[in-house]
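*Asks:* let me see the structure of the following:
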Amino acid sequence: MNPATPAPPPTRSRGALWLDLVRWDRPAGWLLLLWPTLAALWMACGGFPGWRLLFVFSAGTVLMRSAGCAVNDVADAEFDRHVRRTARRPVTSGELRRGEALAVGAVLALAAFGLVLLTNPLTVALSVAALLIAVAYPYTKRWLAVPQAYLGVAFSFGIPMAFAAGAGSVPPLAWWLLAGNLFWVLAYDTEYAMVDRADDLRIGIRTSAITFGRFDVAAVMASYAAYLLIWLAAGSRLGLGWPFRAGCLAAAGMALWHWVLIRRREPARCFIAFRHNHWLGFALFAGVAAAYALR
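*Replies:* Here you go, the predicted structure:
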């Protein structure tokens with residue numbers, strides 16, 4: 001072999017490929033789904049929901065996010081090979097066949113569905129709707145100007161499911177919380193889209209970062225504001241006290257820090273803002289949990 005020729009990457013085991021497929025080493029993704037779901041579960045139950053529901057929704061969130069990664073990578077394989085950040089994903093690189101990736105995703109989704117069966121018929125019905133919405137998301141980037149808004153629905157569907165399981169019904173408050181959480185997803189996934197804007201423009205994918213153009217930073221900050229105001233109003237309606245307001249204040253401080261990170265639109269700093277968003281969600285969950293614990 002010519003010394004100047006780079007050595008091929010080492011062959012990875014099936015297990016390593018599967019773990020990479022589901023982003024096991026990148027927990028920020030499932031944490032973004034977990035915190036609003038758990039906050040809604042606490043609200044639905046008026047406090048600690050019990051270990052069974054806590055396990056069902058925690059494990060189910062991790063499993064469904066992992067399954068969604070597998071479906072997303074299969075749907076986006078032709079696009080991902082043209083984006084530097086995603087070109088080495090197992091399906092995109094050819095290390096993992098698409099059928100095998102879908103099989104991994106199906107097994108994970110079935111495991112999550114098995115957990116949902118431990119709840120009630122309303123939650124089971126909502127889980128089917130959540131699955132269909134999640135599977136369709138990768139294809140919205142072909143025709144929706146702001147696919148991140150659709151992702152907001154998919155990433156927020158744990159909220160009505162939590163109310164269905166914890167309270168036996170889905171009140172209007174749950175849908176307001178879903179709407180507020182949608183704005184949070186729009187905020188952090190626009191930051192994510194800002195990282196790949198140059199590549200996405202070249203290959204023709206639609207994203208909120210492209211659609212918002214020079215108003216992208218303003219749109220992100222307005223989305224953070226809408227999210228926090230809606231959740232603050234919901235918490236106030238439930239009578240949550242100063243711990244919840246403190247959580248909202250901490251989250252607002254983090255949002256302002258994100259403005260500092262993204263205002264110059266530097267991809268590396270936008271990615272840092274995206275990756276740290278789970279702390280913002282944790283602040284609200286911690287505020288909810290503390291408010292109920294101190295009642």
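
*Asks:* any buried residues in the helix or strand where Glu100 lies, and which?
*Replies:* Take DSSP states H and E as the rule and Glu100 turns out to sit in helix 98-116. The neighbour-count check on helix 98-116 (16 or more other Cβ atoms under 10 Å) flags 100-102, 104-105, 108-109, 111-113, 115-116 as buried. The C-beta positions use only the backbone N, C-alpha and C, and glycine is treated the same way.

*Asks:* could I get these as CSV with pLDDT?
*Replies:* Compiled in CSV, the buried residues of helix 98-116 are given as follows (pLDDT from 0 to 100):
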residue, pLDDT
Glu100, 89
Ala101, 88
Leu102, 88
Val104, 89
Gly105, 88
Leu108, 93
Ala109, 93
Ala111, 95
Ala112, 94
Phe113, 94
Leu115, 96
Val116, 96
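
*Asks:* could the residues you listed go into CSV alongside distance to Ala233?
*Replies:* Listed next are the buried residues of helix 98-116 as CSV, based on distance: Cβ to Cβ, whole Å:
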residue, distance to Ala233
Glu100, 46
Ala101, 41
Leu102, 41
Val104, 41
Gly105, 37
Leu108, 36
Ala109, 34
Ala111, 36
Ala112, 31
Phe113, 34
Leu115, 31
Val116, 29
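
*Asks:* would you agree Leu21 is in contact with Cys69?
*Replies:* Yes: if you go by Cβ atoms under 8 Å, Leu21 and Cys69 touch, sitting 6.4 Å apart.

*Asks:* re the thing from before, now for the helix holding Glu100, which elements pack on it?
*Replies:* Packed against helix 98-116 by the contact rule (3 or more Cβ pairs under 8 Å, 6 or more residues apart in numbering; DSSP states H and E) you find helix 14-21, helix 51-75, helix 90-93, helix 121-140.

*Asks:* okay, now the unreliable bits of the protein?
*Replies:* 1-10, 80, 82 (pLDDT under 70).

*Asks:* how many residues are close by Leu144?
*Replies:* Other residues near Leu144 come to 17 when the count uses other Cβ atoms under 10 Å.

*Asks:* distance check, it against Leu19.
*Replies:* 31 Å (Cβ to Cβ, to the nearest Å).

*Asks:* give me the contact list for the helix holding Glu100.
*Replies:* When contacts are defined by Cβ atoms under 8 Å, 6 or more residues apart in numbering, helix 98-116 is touched by residues 18, 21-22, 55-56, 59-60, 63-64, 66-71, 73-74, 77, 90-91, 123-124, 127, 131, 161.

*Asks:* of these, just the buried ones, ChimeraX syntax please.
*Replies:* This is how ChimeraX selects the buried members of those, with burial counted by 16+ other Cβ under 10 Å:
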select :18,21,22,56,60,63,64,66,67,68,69,70,71,73,74,77,90,91,123,124,127,131,161
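
*Asks:* list the contacts of stretch 18-30.
*Replies:* Residues contacting stretch 18-30 (Cβ under 8 Å, 6+ apart): 12, 61-62, 65-67, 69-70, 73, 89-91, 96, 101, 104, 108, 274-278.

*Asks:* what residues of it count as buried?
*Replies:* Buried, per 16+ other Cβ under 10 Å, within stretch 18-30: 18, 20-23, 29-30.

*Asks:* could you dump those residues into TSV with distance to Tyr292 added?
*Replies:* Below are the buried residues of stretch 18-30 laid out as TSV (distance: Cβ to Cβ, whole Å):
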residue	distance to Tyr292
Trp18	38
Asp20	38
Leu21	37
Val22	32
Arg23	31
Gly29	27
Trp30	23
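
*Asks:* quick one: contacts for Phe155?
*Replies:* Neighbouring residues of Phe155 by Cβ under 8 Å, 6+ apart: 32-33, 181, 185.
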